[in-house]
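# Provide a 3D model corresponding to the input given below.
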Amino acid sequence: MKLRFAVVGLLLGVLAGGSLLFAREPNGQSAIIARPLIAQALAGEPDKEVNVQVYTFAPGAVLPWHIHPDAHEIAYVLEGDFTFELAGKAPTKLRAGEADYLPPNVVHRGRNEGDQPVKLFVVRIKPKDKPLVEEVPPPQ
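Next up is the predicted model:
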């Protein structure tokens, strides 16, 4: 229960008050824009940090397959419909107001299949010594 209040408080505080992967469209515009909000040490966990970003996905934008090494990810859809694809599983569509939790090291990607931009609020808790994201080959 305390964790739930802490996460909700963090989300509300960020909304009131490093980048993943950028795909470029032929016109040079970013198909995916990441706006960093927080990147700091996680209190009480000296080897971990919290990273919070808001992503905007243009229509048709697709992330490459990737993992977040040893990191937990919580994603909340602010606007639009977003498709998550986990290796070996059927794609899942999340609508505005829905959230998803992704355990560490899961091969995945996301995409905007719609004709409107998608905004995604993402919180990651990761080891300080690991990169935020690591691109991986597409699953077989």
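# would you check that A34 makes contact with N51?
No. Judged on C-beta atoms under 8 Å, A34 makes no contact with N51 at a distance of 10.4 Å. C-beta: built from backbone N, CA, C; applies to glycine.
# ok, those two, which is more surrounded?
Legend: neighbour count by other C-beta atoms under 10 Å for A34 and N51, higher for N51 (21 against 18).
# leaving aside the residues adjacent along the chain, what's closest to that one?
R124 (4.6 Å; C-beta to C-beta, 6 or more residues apart in numbering).
# biggest strand in the protein by residues?
Looking across the chain with DSSP state E, the single longest strand is strand 45-57.
# so Y55 touches P36, yeah?
No. When contacts are counted by C-beta under 8 Å, Y55 is not listed as touching P36 (10.4 Å).
# more neighbours, those two?
Per other C-beta under 10 Å, whichever of Y55 and P36 has more neighbours is Y55, with 23 against 12.
# tell me the SS of the closest residue in space to that one that isn't next to it in sequence?
Spatial nearest neighbour of Y55, excluding adjacent residues (C-beta to C-beta, 6+ apart): L120 at 4.5 Å. Following DSSP: H, G, I helix; E, B strand; the rest coil, the label given to L120 is strand.
# for L120, name its beta-bridge partners.
Bridge pairing for L120 (DSSP bridges) gives the partners Y55, V77.
# what about it, how many neighbours?
Using other C-beta under 10 Å as the criterion, the residues surrounding L120 number 24.
# pull the number of nearby residues for the nearest residue to F84 once chain neighbours are set aside.
Once flanking residues are discounted, F84 sits nearest to T92: 5.0 Å by C-beta to C-beta, 6+ apart. A count of nearby residues for T92, using other C-beta under 10 Å, gives 12.
# kindly report the same for the one 4 residues further on.
The burial count assigned to A96 is 13, neighbours taken as other C-beta under 10 Å.
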